[in-house]
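Engineer: need a structure here:
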Amino acid sequence: MSSHGAPIPMISRKSAGLKGEAHVPGDKSISHRSLILGALSIGETRISGLLEGQDVLDTGRAMQAFGATVENLGNGNWRVEGVGVGGFAEPENVIDCGNSGTGVRLIMGAMATCPITATFSGDASLNGRPMARVTDPLALFGAQTVGREGGRLPMTIVGARSPVPVTYTVPVPSAQVKSAVLFAGLNTPGETVVIEQEATRDHTERMLAGFGAEITTEVTKEGRVITLQGQPELKPQTIVVPRDPSSAAFPVCAAIVTEGSDVLVPNIGLNPTRAGLFTTLQEMGAELTYENLREEGGEPVADLRARYSPNMKGISVPPDRAASMIDEYPVLSVVACFAEGVTEMRGVKELRVKESDRIDAMAVGLRAAGITVEEGEDWWTVEGLGFGEVPGGATVESRLDHRIAMSFLILGMASEAPMTVDDGGPIATSFPIFESLMGGLGAVVERV
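Structural biologist: As a prediction, the model looks like this:
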């Protein structure tokens, strides 16, 4: 069952060369944060290029429930009239975050130091995901939490009435946990300090500074030490959302594995904490180049050109790169099928607790498509067969996970027999134009 309706089975078939420009949606991470920080500012924030996928729309509705005005002006343009730091009102109903782990965890952080109570829920996938990694540090501020066994949704959070600042070392690399703690620190007097031993995507730090918060980052022997001065008055901004590198991964990887392809993906955010996949593809021998490198809104941006790359080799991806490409490992494992030799991916246990267990989902599906896969708790390897040798021909479960569904559809574009996913509905949560965009490039993707 799709998270937002009946299942939508989809099939992809071997495609001729993909050609043209792929205008992927706005960055999901920045879109979530734009709405939340706009709601925590005093005055009107204008956002252009917002990702209008279900996950981000659910965050917009949540901000309305907490008292902000969120208005769709059309063509990806939105306005948010904020209520200020500490100004969240108590919502009248349960906050439904759909499929979005990012949305629910960031929103929990933003409300945890407000003197209000809110209940959060989501779809079957989100309600099965652990929330203790966020609620544990939020409890240090004084927030109280009641949820299902295992720290799962539905969950009620009673915000701290007299929050106290904390110093928190993030136990596993997670931008969601770091961001939740920083958002909680906004309405807390004094300094909130987050220490991460391994750098994760830094959109929250960049955007907090852009909205006027006093925030510093220092690299020490303990790791990255991020210090936030609490109770600022955030200033509304005009935000141009760059296009999402995680969404760009799909047309880029499709072009690399589909014979005769030459695809340009314009205006992609290349924040160094997000660009690990593209570095990895280049190391494997992919013909992937950056054009028109520039900076927009404090973020590095470029146009990506991806061409069919028949001479790729399997590599061992450095574990310390995982945080910069954690969402891209499923589609990387698809590319690895067409490389020569073994591709090894380690330090990726975070994938076990995403929308699905992504290591298991990809291992099961790739084996069904004729690929040898080995896996452990925080690693897996794919034995590539080279171009023209990947059988395909399987029907696989998407497990309510948009990235699993899209990854196997990319596989079907270059495998010898078509690939079918049981439910492509979840794709709408992050990439609502996936079908039309890929079809416009020449891919054969159809609803069954």
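Engineer: any idea how far Gly260 lies from Asn127?
Structural biologist: In this view, Gly260 and Asn127 are 44 Å apart by C-beta to C-beta, to the nearest Å. Heads up, the C-betas are built off the backbone N, CA and C, glycines and all.
Engineer: check contacts around Val56.
Structural biologist: By C-beta atoms under 8 Å, 6 or more residues apart in numbering, the contact set of Val56 is Lys28, Ser31, His32, Leu35, Leu50, Ser100, Gly103.
Engineer: just the helices from the stretch 251-400 of the chain, written as ranges.
Structural biologist: 276-284, 329-337, 358-368 (DSSP state H, counting those that start in this stretch).
Engineer: would you turn the ones you listed into CSV with distance to Ala112?
Structural biologist: Listed next are the helices of the stretch 251-400 of the chain as CSV, based on distance: least, C-beta to C-beta, whole Å:
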stretch, distance to Ala112
helix 276-284, 30
helix 329-337, 30
helix 358-368, 28
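Engineer: for the ones you listed, which one ends up most surrounded?
Structural biologist: helix 329-337 (a mean of 27; mean count of other C-beta atoms under 10 Å).
Engineer: where in the stretch 51-200 of the chain is pLDDT low?
Structural biologist: Within the stretch 51-200 of the chain, no stretch has pLDDT under 70.
Engineer: where exactly do the helices run in it?
Structural biologist: 54-65, 101-111, 132-141, 175-186.
Engineer: which one of those lies nearest to Arg79?
Structural biologist: helix 54-65 (11.0 Å; C-beta to C-beta).
Engineer: that closest one: which residues count as buried?
Structural biologist: Neighbour counts over helix 54-65 (16 or more other C-beta atoms under 10 Å) mark Gln54, Asp55, Val56, Leu57, Asp58, Thr59, Gly60, Arg61, Ala62, Met63, Ala65 as buried.
Engineer: stretch 285-298 too?
Structural biologist: Gly285, Ala286, Glu287, Leu288, Tyr290, Gly297.
Engineer: try stretch 71-84
Structural biologist: So, applying 16+ other C-beta under 10 Å, buried residues of stretch 71-84: Gly76, Trp78, Val80, Glu81, Gly82, Val83, Gly84.
Engineer: could you report the neighbour count for the residue lying closest to the second one once chain neighbours are set aside?
Structural biologist: Ranked by C-beta to C-beta, 6 or more residues apart in numbering and with sequence neighbours excluded, the top spatial neighbour of Trp78 is Ile47, at 4.6 Å. In terms of burial, Ile47 registers 24 neighbours under the definition other C-beta atoms under 10 Å.
Engineer: parallel or antiparallel, which strands does the helix or strand Ile47 falls within pair with?
Structural biologist: Using DSSP states H and E, Ile47 maps to strand 42-48. Counting by DSSP bridges, the strands paired with strand 42-48 are strand 77-83 (antiparallel), strand 238-240 (parallel).
Engineer: dump that strand to CSV, restricted to CA.
Structural biologist: Taking Å, rounded to 0.1, in the frame of the first residue of the first chain, the C-alpha atoms of strand 42-48 are listed here in CSV:
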residue,chain,number,x,y,z
ILE,A,42,9.4,37.6,12.5
GLY,A,43,8.1,38.9,9.2
GLU,A,44,7.7,37.5,5.7
THR,A,45,10.2,35.0,4.1
ARG,A,46,10.0,34.5,0.4
ILE,A,47,11.0,31.1,-1.1
SER,A,48,11.5,30.3,-4.8
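Engineer: including distance to Val265, could the helices of the stretch 51-200 of the chain go into JSON lines?
Structural biologist: Listed next are the helices of the stretch 51-200 of the chain as JSON lines, based on distance: least, C-beta to C-beta, whole Å:
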{"stretch": "helix 54-65", "distance to Val265": "20"}
{"stretch": "helix 101-111", "distance to Val265": "22"}
{"stretch": "helix 132-141", "distance to Val265": "32"}
{"stretch": "helix 175-186", "distance to Val265": "23"}
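Engineer: which of these sits closest to His203?
Structural biologist: Going by C-beta to C-beta, the one of those nearest His203 is helix 175-186, 7.5 Å.
Engineer: what residues sit buried inside the closest one?
Structural biologist: Buried, per 16+ other C-beta under 10 Å, within helix 175-186: Ala175, Gln176, Val177, Lys178, Ser179, Ala180, Val181, Leu182, Phe183, Ala184, Gly185, Leu186.
Engineer: so Glu222 sits against Glu198, correct?
Structural biologist: No: counting by C-beta atoms under 8 Å, Glu222 does not reach Glu198; the two are 11.7 Å apart.
Engineer: neighbour count winner among those two?
Structural biologist: Glu198 (16 against 11).
Engineer: for Thr343, find the nearest of the helices of the stretch 51-200 of the chain.
Structural biologist: Using C-beta to C-beta, the helices of the stretch 51-200 of the chain put helix 175-186 closest to Thr343, at 24.5 Å.
Engineer: other SSEs contacting that closest one?
Structural biologist: Helix 175-186 sits against helix 28-39, helix 101-111, helix 132-141, strand 167-170, strand 191-196, helix 203-210, strand 223-229, with contacts defined as 3 or more C-beta pairs under 8 Å, 6 or more residues apart in numbering; DSSP states H and E.
Engineer: can we see that at 10 Å?
Structural biologist: Packing partners of helix 175-186 (3 or more C-beta pairs under 10 Å, 6 or more residues apart in numbering; DSSP states H and E): helix 28-39, helix 101-111, helix 132-141, strand 167-170, strand 191-196, helix 203-210, strand 215-220, strand 223-229.
Engineer: among these, which is the most enclosed?
Structural biologist: Using mean count of other C-beta under 10 Å, helix 28-39 ranks as the most buried of the helices and strands packed on helix 175-186, with a mean of 28.
Engineer: run the angle between it and helix 101-111 for me.
Structural biologist: 20 degrees (axes from the mean of the first three to the mean of the last three C-alpha atoms, to 10 degrees).
Engineer: and helix 28-39, how far out from the chain middle?
Structural biologist: 13 Å (C-alpha atoms, centre = their mean, to the nearest Å).
Engineer: using PDB, write out every CA atom in that helix.
Structural biologist: Presented in PDB, the C-alpha positions along helix 28-39 are these (Å, rounded to 0.1, in the frame of the first residue of the first chain):
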ATOM      1  CA  LYS A  28      14.600  18.700  -0.100                       C
ATOM      2  CA  SER A  29      16.900  19.400   2.900                       C
ATOM      3  CA  ILE A  30      16.900  23.200   2.200                       C
ATOM      4  CA  SER A  31      13.200  23.200   1.400                       C
ATOM      5  CA  HIS A  32      12.300  21.700   4.800                       C
ATOM      6  CA  ARG A  33      14.600  24.200   6.600                       C
ATOM      7  CA  SER A  34      13.400  27.200   4.700                       C
ATOM      8  CA  LEU A  35       9.800  26.600   5.800                       C
ATOM      9  CA  ILE A  36      10.800  25.900   9.400                       C
ATOM     10  CA  LEU A  37      13.200  28.900   9.800                       C
ATOM     11  CA  GLY A  38      10.700  31.100   8.000                       C
ATOM     12  CA  ALA A  39       8.100  30.100  10.600                       C
END
